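[1] Requesting a structural model of the entry that follows:
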Amino acid sequence: MLFLPWSKQACGAEAELFPAALNDMVGELHFHRPEAARYRAGEADIVPSRMRGAFVWAHLLDDEPMAALKQQFLQDVAPIPSPIDAAQGTPLIVQQQESDAFRSGHCLKMLRPSAAITANHVHYGVERAENGPKRKQDWRARACSAKARAANVESPQQGRASLTAIITPKEAHYEQQYLDLMRRIWTEGDERVDRTGVGTRSVLGATMRFSLASDAVPLLTTKRVYWKVAAREMLWFLTGDTNIRELVRQGVHIWTDWPLASYRKATGEEISRDDFETRIIEDEAFARQWGDLGPVYGAQWVNWPRYEAVGDGLFRRAEKGHNQIAELVEGIRNNPGSRRLLFTGWNVAEVARMALPPCHMTYQFQVADGRLNGLLFQRSCDLGLGFAFNIFGLSMITRMLAQQCDLEPGEIVWQGGDVHLYLNHAALVEEQISRTPGGAPKLRMKRRPESIFGYRIEDFEVVDYAPQSHIAAPVAV
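    Okay, here's the model as predicted:
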């Protein structure tokens, strides 16, 4: 992604890059928040937080009959500098940004040709226009008028539909929406101090949708995701266990940092993670004292506390709590039209006792046309590290439930509340958004056990997964 001021004079320290950058339409040029850095240093007069994409003006194609439309956009809608006009044969997405905070005038935002743009991008761009409805209507009027002149179309509605088709030349790879969200948060997110002290850039509210048809699974391909770790974690949740001992035995370390931090704080001993895990495995009493995470996920999923009356207005906790997962299976089988097909880990009465309150907190399901669709609301999402495991877990549990209920997997919907990137993940973010996703991995299930609780790690297989190299980043605790 490349941010450039409208004029060479407005470039300041980057003035020498202006002509070369405009001409290099396929280059891997990435300027991550350069304006923000210059602003903090007192070298620029723009406000970084106001840098928002406003309009998707045109997708410039040389294919006939688009030449007239291209020319019309260049003349009437986006009077951009000649170096772009001279880029013959290069698909180009141009966004014009306008704001009273831009004292220098205008700014262009250009996306690499490999970045697929969908109709949702267009809608989002128009709705985010700072100049309001008047500018929005003006954009639509000009677009339709230009298209009508180019193709002798009389109807403005036909012109607008054709324009949308032009801006969406091909179906995007499923991972592109993730990379777009990552890019948006890194360049536009609100920078804040969080409970970890590391700091994040954050947005509130994000949605992504993925198909599970034909065994599809939305594993990230721009970096390697160790899916068996996520699968083992999901199976561990379903046991109701809350002690890391069994996970550590299986080589899963993603939950160790929390009890390790508690142990170090309580004892003052600077024990290494490896030594701590060794003691967890070898010493059952040590594991009971220091390995438990409190009533997290699995405890709420399969053993939500239930209380029984004992008389005189008194209650005691029942030996066996609510098993939300078992009740969900019965609900899908016997009442598929219900809007109560869900389970949650957010037990207000017990949140304070949890090592980490549930991030992926509520799962909801829908039966439609013989398919099971799944939705996850995640109150807090570490997009750089956690999301890859969370979306695989949603795919996995949806597929397991579908198999147990004689349904086909449909689609999954992920909804994030506070979606953030940690400031110490700069290397991860910059490397990952520079990569191009590809491939179509599949998740296959080799066996159908008697119940939802009978699955083993050997029952799952991922094929056709050829990711790019792993990108390491620290976990914020």
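
[2] so where's this structure uncertain?
    Counting by pLDDT under 70, the chain has low-confidence residues at 1-170, 477.

[3] in the stretch 201-350 of the chain, which spans are helices?
    Counting by DSSP state H, counting those that start in this stretch, the stretch 201-350 of the chain has helices at residues 227-239, 245-249, 257-267, 273-282, 284-290, 297-303, 324-334.

[4] quick one, which of those helices is nearest to residue 181?
    Checking these against residue 181 by CB to CB gives helix 227-239 as the closest, at 19.5 Å. (C-beta placed from N, C-alpha, C; glycine too.)

[5] returning to what we had before: now tabulate the helices of the stretch 201-350 of the chain in CSV and tack on mean neighbour count and distance to residue 180.
    Listed next are the helices of the stretch 201-350 of the chain as CSV, based on neighbours: other CB atoms under 10 Å; distance: least, CB to CB, whole Å:
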stretch, mean neighbour count, distance to residue 180
helix 227-239, 20, 23
helix 245-249, 17, 33
helix 257-267, 15, 30
helix 273-282, 15, 35
helix 284-290, 14, 42
helix 297-303, 22, 29
helix 324-334, 17, 32
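
[6] got these as JSON lines, with distance to residue 410 columns?
    Listed next are the helices of the stretch 201-350 of the chain as JSON lines, based on distance: least, CB to CB, whole Å:
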{"stretch": "helix 227-239", "distance to residue 410": "19"}
{"stretch": "helix 245-249", "distance to residue 410": "30"}
{"stretch": "helix 257-267", "distance to residue 410": "34"}
{"stretch": "helix 273-282", "distance to residue 410": "39"}
{"stretch": "helix 284-290", "distance to residue 410": "40"}
{"stretch": "helix 297-303", "distance to residue 410": "22"}
{"stretch": "helix 324-334", "distance to residue 410": "12"}
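
[7] Residue 315: which of those is closest?
    helix 297-303 (17.0 Å).

[8] Which secondary structure elements does the closest one sit against?
    helix 227-239, helix 324-334 (3 or more CB pairs under 8 Å, 6 or more residues apart in numbering; DSSP states H and E).

[9] quick one: contacts of it?
    The contact list for helix 297-303 (CB atoms under 8 Å, 6 or more residues apart in numbering) reads 236-242, 320-326, 343-347, 350, 358.

[10] 6 Å - rerun?
    Contacts to helix 297-303, defined as CB atoms under 6 Å, 6 or more residues apart in numbering, come from residues 237, 240-242, 321, 323-325, 343, 345, 347, 358.

[11] Most neighbours of all those residues, which one?
    Tallying neighbours with other CB atoms under 10 Å puts residue 345 at the head of the contacts of helix 297-303, with 24 neighbours.

[12] My guess is it contacts residue 358. True?
    Yes: checked against CB atoms under 6 Å, the pair residue 345 and residue 358 is within contact range at 3.6 Å.

[13] Please give me every residue in contact with residue 459.
    By CB under 6 Å, 6+ apart, the residues touching residue 459 are 445-447.

[14] so how far is residue 204 from it?
    Between residue 459 and residue 204 the distance is 37 Å, computed by CB to CB, to the nearest Å.

[15] Check the gap between the nearest residue to residue 365 once chain neighbours are set aside and residue 398 for me.
    Counting by CB to CB, 6 or more residues apart in numbering, the nearest residue to residue 365 once its immediate chain neighbours are dropped is residue 341, at 4.3 Å. Shown here: residue 341 relative to residue 398, a distance of 11 Å by CB to CB.

[16] Residue for residue, what is the longest strand the chain has?
    Longest strand in the chain by number of residues, with DSSP state E as the criterion: strand 408-422.

[17] re the thing from before, so which of the helices and strands packed on helix 297-303 gets nearest residue 296?
    helix 227-239 (8.6 Å).

[18] is it true that residue 292 touches residue 245?
    No: applying CB under 6 Å as the test, residue 292 and residue 245 come out as separate, 8.9 Å apart.

[19] before we move on, the earlier item: among the helices of the stretch 201-350 of the chain, which is nearest residue 470?
    Evaluated over those, closeness to residue 470 peaks at helix 227-239, with 12.1 Å, by CB to CB.

[20] for that closest one, packing partners?
    helix 386-404 (3 or more CB pairs under 6 Å, 6 or more residues apart in numbering; DSSP states H and E).

[21] any idea of the angle the helix it packs on forms with helix 227-239?
    60 degrees (axes from the mean of the first three to the mean of the last three CA atoms, to 10 degrees).

[22] count of residues packed around residue 360?
    The local packing of residue 360 (other CB under 10 Å) involves 23 other residues.

[23] Bridge partners for it, pull those for me.
    Beta-bridge partners recorded for residue 360 (DSSP bridges): residue 378.

[24] What separation do you get for it and residue 242?
    Distance from residue 360 to residue 242, by CB to CB: 16 Å.

[25] hmm, back to that, can you tell me which residues contact the residue nearest to residue 365?
    Neighbour list for residue 341: 331-332, 365 [criterion: CB under 6 Å, 6+ apart].

[26] Turn those into JSON lines, including distance to residue 275.
    Formatted as JSON lines, the contacts of residue 341 follow (distance: CB to CB, whole Å):
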{"residue": "331", "distance to residue 275": "45"}
{"residue": "332", "distance to residue 275": "45"}
{"residue": "365", "distance to residue 275": "42"}
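
[27] tell me the contacts of the nearest residue to residue 305 once chain neighbours are set aside?
    Distances taken as CB to CB, 6+ apart put residue 321 closest to residue 305, at 5.1 Å, once the chain neighbours are dropped. By CB under 6 Å, 6+ apart, residue 321 lies in contact with 303-306.

[28] quick one on the thing from earlier: look up phi and psi at the residue nearest to residue 365.
    Dihedral pair for residue 341: phi -90, psi 80, per degrees, to the nearest 10.

[29] since we're on the residue nearest to residue 386 when sequence neighbours are not counted, how many residues are nearby?
    Counting by CB to CB, 6+ apart, residue 359 is the residue found nearest to residue 386 once chain neighbours are left out, at 6.8 Å. Residues lying near residue 359 (other CB under 10 Å) number 17.

[30] distance of residue 359 from residue 298?
    From residue 359 to residue 298 the distance is 14 Å (CB to CB).
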